Each structure stands twice: as C-alpha cells, then as structure tokens.
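Trainee: Sharing a sequence plus its predicted fold:
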Amino acid sequence: MAPGVWVMDDHKWALWVWATHRDILPRTLFHVDYHWDGANDFSGDDKSLTGLLSNPKALKKVISEDRLIRKDSFISPAIRGHFFRNIHFYCYQRNIEPGLSPEILMHNRVRQYIHPDIATALNHLNPADTALDLDVDIFNRSIFFGQGDVWTNDEILSFLDTLKDLVQKAPLITIALSYCYSGTEADTHRLAELILPWILSRRA
C-alpha cells in the first residue's frame, strides 16, 4: 500500500508482516481493535516457533491453514518470538479477560498496558518506537457477526486525528479490514474508503 503500511482482510496476517520486517520492528506494539486477540493457539514449543518465524514461506503456509495462527491468536506468537518488549492495548471487548496471558508475559519478560482511553494510551507511547496495529472493527459498535452499527465519518476522523503523530512516525503499520466483524460488506468498504486514504495522506 505504502512504505511501512500493510492492509489485510484477516488480522492474522499481521504476524507475517512483522516476521518479514524484523529489521525495522520497534520495541513497542500498539493494538487498536474491538477485540483483544490474545489467544495462544500455537501448540509447538518455543524452538519450533522460532524456526517457523524465521521461514516466511513456511509461516505463510501455517497462517493460511488457519489452525495454529488465527485472527485472534497472532499476537502471542510474536511475543513468544521476542518481536516486541512492550505491548499496549486499546480495545472494547468485555466478554473475555483483557490482553495476553500472564504466563506468556512473564516467560517472555514483556510489559503489557491496558488503556481505558486513547489519550492515556498515546501519552505512554513514543511514536517512532511503536508499531501501530489497527483493526477497523473498532469503529463498529455491533457485537453481531456481519451486522453493522458503524461510527459516523466525523467520529472516525476525529478518532484518527488523535493518532496522527503515530501514523506519521510509526516504522510499521498493519491495518485489518476484518470482514463481517467490521459490519456488513458495504460497511467494511466504506471504512476502507475513508480510513486508508487518510492514513496514506499522513504518510506522504
């Protein structure tokens, strides 16, 4: 899409982007999403995971199979692979425990921050040392699969404006469209048509 900006239909592909851009990965990940995506489906040991993460072709195959790495379990392998030292979450999901498991955090010596509002989160971040991981489903209030109660354009643009400095300076940005979670197909297209040009204009 643009240098340092990757767009995907399924959020699980963010792991492939991070794995193939280890040379520019910052120390911090900022996950902005309706969902926490904190599951850990990869059952292999750390040694097998390290080997997989260093083999883009094999990693692509495993992600495609949608079994060990899925749309809600792509962050844990990145933490287990020592991609990031800090992870910040800004999410709305309330029906499960927030963030990653304490075991993964402690074993990998990663600090996790759960933020109640976007301003608080941004106050803790250095934009030049943060990878932004955005799922557009954060702009859908509906909790029903394939249904939309999407924010107005003005609400979305106001939220994005708070991220302007981060969008301009982040070494890497991953954006998930998350069809059916971000509303109807028309909702997702509308979100993409609004959000992607805005981000591109700030990266120019």
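Mentor: On my side now, so go ahead.
Trainee: which ones are touching the residue positioned nearest the centre of the chain?
Mentor: Note on the chain: the residue nearest the mean C-alpha position is residue 133, at 3.2 Å, using C-alpha atoms, centre = their mean. If you count contacts by C-beta atoms under 8 Å, 6 or more residues apart in numbering, residue 133 has them with 14, 29-33, 173-174, 176. Glycine gets a C-beta too; all of them are placed from N, C-alpha and C.
Trainee: quick one, strands of the chain?
Mentor: For the chain, the strands defined by DSSP state E occupy 5-8, 28-33, 86-91, 111-114, 130-135, 173-176.
Trainee: got those as CSV, with mean pLDDT and distance to residue 55 columns?
Mentor: Below are the strands of the chain laid out as CSV (pLDDT from 0 to 100; distance: least, C-beta to C-beta, whole Å):
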stretch, mean pLDDT, distance to residue 55
strand 5-8, 98, 19
strand 28-33, 98, 22
strand 86-91, 98, 24
strand 111-114, 98, 28
strand 130-135, 98, 21
strand 173-176, 98, 20
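Trainee: For the ones you listed, give me a markdown table that also has distance to residue 59.
Mentor: Putting these into a markdown table (distance: least, C-beta to C-beta, whole Å) gives the following:
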| stretch | distance to residue 59 |
| --- | --- |
| strand 5-8 | 14 |
| strand 28-33 | 18 |
| strand 86-91 | 20 |
| strand 111-114 | 24 |
| strand 130-135 | 17 |
| strand 173-176 | 15 |
